[in-house]
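In: how does the following fold in three dimensions:
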Amino acid sequence: MTAPRIAAPRLDLIAGTAALSQAELSDRAAFARMLSAEVPAEWPPEFYDTEAIRFTAERLAHAPHDAGWWCWYAVERPVAEGKRHLVGVGGFKGPPGGDRLVEIGYSFVAAARGRGLATEFVRALAAWALAQPAVDRVIAETLPELAPSIRVLERCGFRFAGNGAEPGVIRYELRQPASGV
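Out: Numbering: from 1, shown residues only. As a prediction, the model looks like this:
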């Protein structure tokens, strides 16, 4: 199965597949080839671990048609002649349910932070989700001390929505724009 893709101004967002997740776990060179990008030595980034990769691989192996509702890889395109680089990962905690919402999360390697790439990634991914007929809201949960993550969400139009699902976590929300009809 070909992974869905989203083109953002500086990034290519590539939806994870079972094959990509398996390569990420076991064959770094194959993973890089499949993404057509260099994978940094510090991969995976903070808050994204082997357990999360395995979980995604299992979900996509059982339901390959759900590609797009789990993991997305952020690949930075070169400004001039050069190589593409894997800089981040994120996605959703599964397909939307009857509540018509999805939860987004993301993490970027340290070298890619502070350059607006996470904002670009979240903006493109949230827009993709809200363009799907089964989604009215995108939520994100973070720790209150993660100011850079909160700034990303706010720049993307997310609004504070109160406490998150776990103690000490806060929630942000982005709603489908109201139609003029």
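
In: could you list the low-pLDDT ranges of the chain?
Out: 1-3, 178-181 (pLDDT under 70).

In: quick one, helices of it?
Out: Under the criterion DSSP state H, the chain contains helices at 18-26, 28-35, 50-62, 117-130, 147-155.

In: could you give the angle of the third one to helix 18-26?
Out: By that I understand helix 50-62. Taking axes from the mean of the first three to the mean of the last three Cα atoms, to 10 degrees, one finds that helix 50-62 is oriented at 150 degrees with respect to helix 18-26.

In: for Gly94, find the nearest of the helices of the chain.
Out: When the helices of the chain are compared by Cβ to Cβ, helix 50-62 sits nearest Gly94, at 7.2 Å. To be clear about C-beta, it is placed using only N, CA and C from the backbone, and glycine gets the same treatment.

In: need the winner for burial among the helices of the chain.
Out: Sort the helices of the chain by mean neighbour count, taking mean count of other Cβ atoms under 10 Å, and helix 117-130 sits at the top with a mean of 22.

In: count of neighbours near Glu145?
Out: 8 (other Cβ atoms under 10 Å).

In: wait, what's in contact with the spatially most central residue of the chain?
Out: With distances taken as Cα atoms, centre = their mean, Gly90 lies nearest the centre of the chain, 2.2 Å away. Contact partners of Gly90, counting by Cβ atoms under 8 Å, 6 or more residues apart in numbering, are Cys71, Trp72, Ala74, Ile104, Gly105, Tyr106, Ser107, Phe121, Val122, Leu125.
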